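Student: only geometry, no sequence info:
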């Protein structure tokens, strides 16, 4: 009797874990075949390559425009750990014509790249239990944007 209860409890725990994991991965991300997802992400992010299998989290992203001139914030869920994602950006962005301005490897890693009149800041965090292995936040903006500070009255 005790063994039967233990098995039932284990099955319930496995079911809940699977259910919660499915909830955590839902959202407004591009759907379809891996090729279709890659095409949509390329249309949105242009010349900013992403690690293999990464998915844009549409519910956390603010993308204005598209292609090589988008501005805003793109939140991306990666299948690789933070160290591998950091190595990907260090290796692949210069190949795509981006110049490294700054690179900090830490619990939250930050990389800054420029290309032409654009700046990209990339933050890499460890993922959560049951979620992606790492979360990437890419902020893209014009390099010399005129930012006006609010006036005090």
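Tutor: On my side now, so go ahead. Everything numeric in this text was worked out from a predicted model, so none of it was measured.
Student: Which residues does stretch 90-108 contact?
Tutor: Taking contacts as Cβ atoms under 8 Å, 6 or more residues apart in numbering, the residues outside stretch 90-108 that touch it are 47-49, 86, 109-115, 119-120, 123-126. C-beta coordinates here come from the backbone N, C-alpha and C atoms, glycine included.
Student: Which ones among those lie within strands?
Tutor: 109-115, 119-120, 123-126 (DSSP state E).
Student: And the buried ones among those, selectable in ChimeraX?
Tutor: Selecting the buried subset of those in ChimeraX, with 16 or more other Cβ atoms under 10 Å as the burial test, is done by:
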select :109,111,112,113,115,119,120,123,124
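Student: I'd assumed residue 135 was in a helix, is it?
Tutor: No - under DSSP: H, G, I helix; E, B strand; the rest coil, residue 135 sits outside any helix and is assigned strand.
Student: For the remainder of this discussion, apply numbering that starts at 27.
Tutor: Let's use 27 as the start, then, which means that last one is residue 161.
Student: per-residue confidence averaged over stretch 159-167?
Tutor: Averaged over stretch 159-167, pLDDT sits at 96.
Student: hmm, back to that, from the ones in strands among the contacts of stretch 116-134, which is closest to residue 104?
Tutor: Nearest to residue 104 among the ones in strands among the contacts of stretch 116-134 is residue 150, at 8.3 Å by Cβ to Cβ.
Student: Check the gap between the closest residue in space to the closest one that isn't next to it in sequence and residue 88 for me.
Tutor: Spatial nearest neighbour of residue 150, excluding adjacent residues (Cβ to Cβ, 6 or more residues apart in numbering): residue 135 at 4.3 Å. For residue 135, the distance to residue 88 under the criterion Cβ to Cβ, to the nearest Å works out to 22 Å.
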